[in-house]
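Chemist: compute the structure for the input listed below.
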Amino acid sequence: MTEWEDDAFILSARAYGETGAIVEFLTENHGRHAAHVAGAASRRIKPFLQAGARVVVMYRARVADQLGSATLEPIGEGPSALFDDPLALAGLSSAASVVAGALPERQVHSGAYRAFEALVACLSLTEIWPAVYVRFEAGLLDDLGFGLDLSRCAATGELDDLVYVSPRTGRAVSRAAGEPYRDKLLALPPFMLSAQGGLEAGDVGAGLALTGYFLEHHIFAALNRPLPTPRTRMIERLREAGAL
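Modeler: From the prediction side, this is the model:
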């Protein structure tokens, strides 16, 4: 018998039977898990079965590698606070789908949990959450072993004027060293180097292109999957809103 209790965020839920649901969640100490939740259609539980809702999970399974059952205790008001902000909801949907697609099941990834937690906390801040989203994806890459090395220029060791990233190595490249190869390099927006780096027009788009490249080529390609559709929708909505 396997039993545990953990803090978690809902990633997705689909109806199962008349009143139940199969719920997928990201836990702090047990990784990405799925479980059957009885009574999920109840008035108390159903409003919280939304991507990004925070819950305490009480999980139980007879056999460790089989689908278990869970009861959920909601924490806070959940994503209902964002219902009047479709752009933020698009960001939340994208983050949940990326986590669900990228993380292996039942492996602890506390860094991914913390990155998701930080993003959820910022989604009500319209001006900054898209940049935090980019940092969330960078944190997810790091936790999966594909972190970007933005500490110094890969070619010269310089610490300043880092404006590119090598798509081959994921390492930063300075302006001078990268200029001859700029068409083959990825743009590195300043806000990814420092919280004081500032945010200019085009920076969020450049950041999403950067993290998206490594997610696509190093994570999802290995799983024979494209980047999740909700991520594409989020980028389209950010573009329409002039937030890229």
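Chemist: quick one: average confidence on the helix or strand harbouring A8?
Modeler: Here A8, judged by DSSP states H and E, is contained in strand 2-16. Mean pLDDT, strand 2-16: 92.
Chemist: what does stretch 224-231 give?
Modeler: 96.
Chemist: for stretch 50-62, same thing?
Modeler: Per-residue scores along stretch 50-62 average to 91.
Chemist: which parts of it are buried?
Modeler: 50-55, 57, 59, 61 (16 or more other Cβ atoms under 10 Å). The way it works is simple: take the backbone N, C-alpha and C, and place the C-beta from them, glycine included.
Chemist: would you map out the domains in this structure?
Modeler: 2-79, 84-150+188-240 (automatic domain parsing).
Chemist: where among these is average confidence lowest?
Modeler: Looking at the domains of the chain, the weakest mean confidence is domain 2-79, a mean of 87.
Chemist: coming back round to it: in the strand holding A8, which residues are buried?
Modeler: Buried-residue list, strand 2-16, by 16+ other Cβ under 10 Å: 5-13.
Chemist: what's the first helix or strand after that strand?
Modeler: strand 20-27.
Chemist: now for the buried residues of strand 2-16: which two are most distant?
Modeler: E5 and S12 (20.9 Å; Cβ to Cβ).
Chemist: contacts only, for S97.
Modeler: Applying Cβ atoms under 8 Å, 6 or more residues apart in numbering, we find S97 in contact with 11-12, 51, 228-231.
Chemist: would you point out which residue is most central in this structure?
Modeler: A95 (3.8 Å; Cα atoms, centre = their mean).
Chemist: that one: what secondary structure?
Modeler: helix (DSSP: H, G, I helix; E, B strand; the rest coil).
Chemist: the nearest residue to it once chain neighbours are set aside: what secondary structure?
Modeler: Ranked by Cβ to Cβ, 6 or more residues apart in numbering and with sequence neighbours excluded, the top spatial neighbour of A95 is L119, at 5.7 Å. For L119, the assignment made with three-state DSSP gives helix.
Chemist: could you check how far the residue of the chain most remote from its centre is from V204?
Modeler: Centroid-distance maximum for the chain: P180 at 33.4 Å, with Cα atoms, centre = their mean. Per Cβ to Cβ, to the nearest Å, P180 is found 27 Å from V204.
Chemist: hey, where'd the strands end up in this structure?
Modeler: Secondary structure of the chain (DSSP state E): strands at 2-16, 20-27, 32-37, 54-61, 68-75, 162-165, 172-174, 186-187.
Chemist: kindly export stretch 184-193 (C-alpha atoms) in CSV.
Modeler: In CSV, the C-alpha atoms belonging to stretch 184-193 read as follows (Å, rounded to 0.1, in the frame of the first residue of the first chain):
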residue,chain,number,x,y,z
LYS,A,184,22.5,31.3,-36.4
LEU,A,185,22.2,32.3,-32.8
LEU,A,186,19.2,32.9,-30.5
ALA,A,187,18.5,36.3,-29.0
LEU,A,188,19.1,36.7,-25.3
PRO,A,189,16.8,39.4,-23.7
PRO,A,190,18.4,41.3,-20.8
PHE,A,191,15.7,40.4,-18.3
MET,A,192,16.9,36.8,-18.4
LEU,A,193,20.3,37.8,-17.1
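Chemist: mind listing what's buried along it?
Modeler: Under 16+ other Cβ under 10 Å, the buried positions of stretch 184-193 are 185-186, 188-189, 191-192.
Chemist: and what of stretch 236-244?
Modeler: So stretch 236-244, judged by 16+ other Cβ under 10 Å, has buried residues 237-238, 243-244.
Chemist: now, these that are in helices?
Modeler: Among the buried residues of stretch 236-244, the residues falling in helices (DSSP state H) are 237-238.
Chemist: distance to P130 added to the buried residues of stretch 236-244, as TSV?
Modeler: Formatted as TSV, the buried residues of stretch 236-244 follow (distance: Cβ to Cβ, whole Å):
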residue	distance to P130
R237	10
L238	6
A243	5
L244	8
